[in-house]
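Asks: pasting a predicted model and its sequence here:
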Amino acid sequence: MNKVDYMEVTLPNYSYIFNFEETFSHHETKQWMMKNWTNGFYYCGLYMILIFGGQHYMASRPRFELRGILCLWNTLLASFSIIGFTRTAPELIHVLRHHGLLHSICIPSFIEQDCVSGFWTWLFVLSKLPELGDTIFIVLRKQPLIFLHWYHHITVLLYSWFSYSEHTASARWYVVMNYCVHSIMYSYYALKAMRYRPPKVISMVITTLQLAQMVVGCYINISAYQYLESGNVDCNISRMNIHFSFAMYLSYFVLFARFFHKTYLAGKKSNKKHFANSAPGHIGYNDKLKVN
């Protein structure tokens, strides 16, 4: 297999490129991230203090409703995810059609040559910091906070920031998949916050998509490792990154599979009782579970 030539890379045809996309500089953002990505550990430490300290503070206090703010929050995140998906998915589809799987995993042209995809990848990485705010609603509304929720928030933030500092090529897959799932997921949560009642099967579909995302993530990591081991291609992904990413996606799959079984299979009877006793429009924790 021959080494991939950057000069042969073609870009998708966008109907329109905004000025803020056209002026995107991957050099500047990479330099900034290389200097600051470790700050993520401080943000995560503060996050842990706030959520567990917040739980202790709220233990003897009444829950907050926060429905209006929750509706706005989910609507904004849904809109952001939909736009992000429509701006990054064309690049991945184009690369697969014209350059193949190898390029999609090993060549970071989605950041270094495509200003549109590069800009929205940059915003995707930064968005993992404000997304920590999801947990604030759980704490203030006194809903159950399970391990999977805060574990995935922390690991996604750290991994995303670290990967951007390396311009990890395989990240184009993770960005597009996450934007796609979040587009559906946050739209669903926004409707729930507005007191609409989407069919419960939609929440099952969302969890299924999340599981599929983990399977694809593991496959991409295995493929990247095989390309590196072959020694015949230039693959812009470090072995350390592959190890972290594979461990992260595999752990997510196990945790989400357990969640799926407990919620939709083993917990059918208990869930029916729970929903029967819930107030109209109540949003349970199972409706607020999210992943990268």
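Replies: Cool, got the structure.
Asks: residue 148 is in contact with residue 259, correct?
Replies: Yes - under the criterion of Cβ atoms under 8 Å, residue 259 makes contact with residue 148 at 6.4 Å. C-beta here means a position set from N, CA and C on the backbone, and glycine is covered the same way.
Asks: what about the spatially closest residue to residue 71 that is not a sequence neighbour, neighbour count?
Replies: Distance criterion Cβ to Cβ, 6 or more residues apart in numbering; nearest residue to residue 71, sequence neighbours excluded, is residue 193 at 3.9 Å. Neighbourhood size, residue 193 [other Cβ atoms under 10 Å]: 23.
Asks: so what's residue 193 up against?
Replies: Shown in contact with residue 193 (Cβ atoms under 8 Å, 6 or more residues apart in numbering): 67, 70, 71, 74, 283.
Asks: can you pick the most crowded of those?
Replies: Busiest of the contacts of residue 193 [other Cβ under 10 Å] is residue 74, holding 24 neighbours.
Asks: do a quick rundown of the helices in the chain.
Replies: In the chain, the helices defined using DSSP state H lie at 19-22, 26-36, 39-58, 67-98, 100-106, 109-112, 115-127, 134-140, 147-166, 171-193, 200-230, 239-260, 268-277.
Asks: reformat the ones you listed as TSV; add distance to residue 9 and mean pLDDT.
Replies: Compiled in TSV, the helices of the chain are given as follows (distance: least, Cβ to Cβ, whole Å; pLDDT from 0 to 100):
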stretch	distance to residue 9	mean pLDDT
helix 19-22	18	95
helix 26-36	14	94
helix 39-58	30	96
helix 67-98	8	97
helix 100-106	8	96
helix 109-112	5	96
helix 115-127	12	97
helix 134-140	36	94
helix 147-166	19	95
helix 171-193	13	96
helix 200-230	17	95
helix 239-260	22	96
helix 268-277	49	49
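Asks: format those as CSV; extra columns: distance to residue 10.
Replies: Output for the helices of the chain, formatted as CSV (distance: least, Cβ to Cβ, whole Å):
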stretch, distance to residue 10
helix 19-22, 18
helix 26-36, 18
helix 39-58, 34
helix 67-98, 6
helix 100-106, 11
helix 109-112, 9
helix 115-127, 13
helix 134-140, 38
helix 147-166, 24
helix 171-193, 15
helix 200-230, 21
helix 239-260, 26
helix 268-277, 50
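Asks: which of those helices sits closest to residue 13?
Replies: Shortest distance between residue 13 and those, using Cβ to Cβ, is found for helix 67-98: 8.3 Å.
Asks: check which residues of that closest one are buried.
Replies: Neighbour counts over helix 67-98 (16 or more other Cβ atoms under 10 Å) mark 70-71, 73-75, 77-78, 80-82, 84-85, 87-92, 94-95 as buried.
Asks: cool, and stretch 151-160?
Replies: Using 16+ other Cβ under 10 Å as the test for burial, stretch 151-160 gives 152, 153, 154, 155, 156, 157, 158, 159, 160.
Asks: how near is the third one to residue 189?
Replies: Just to be clear, that refers to residue 154. Per Cβ to Cβ, to the nearest Å, residue 154 is found 21 Å from residue 189.
Asks: check the last one too.
Replies: Shown here: residue 160 relative to residue 189, a distance of 21 Å by Cβ to Cβ.
Asks: ok, residues contacting stretch 238-256?
Replies: Stretch 238-256 is contacted from outside by 147-148, 151-152, 155-156, 159, 162-163, 166, 168, 170, 174, 207, 210-211, 214-215, 217-218, 221-222, 224-225, 228, 291-292, using Cβ under 8 Å, 6+ apart.
Asks: before we move on, what about stretch 66-84?
Replies: Residues outside stretch 66-84 that contact it (Cβ under 8 Å, 6+ apart): 120, 123-124, 127, 131, 133, 137, 140-141, 175, 179-180, 182-183, 186-187, 189-190, 193-194, 281, 283.
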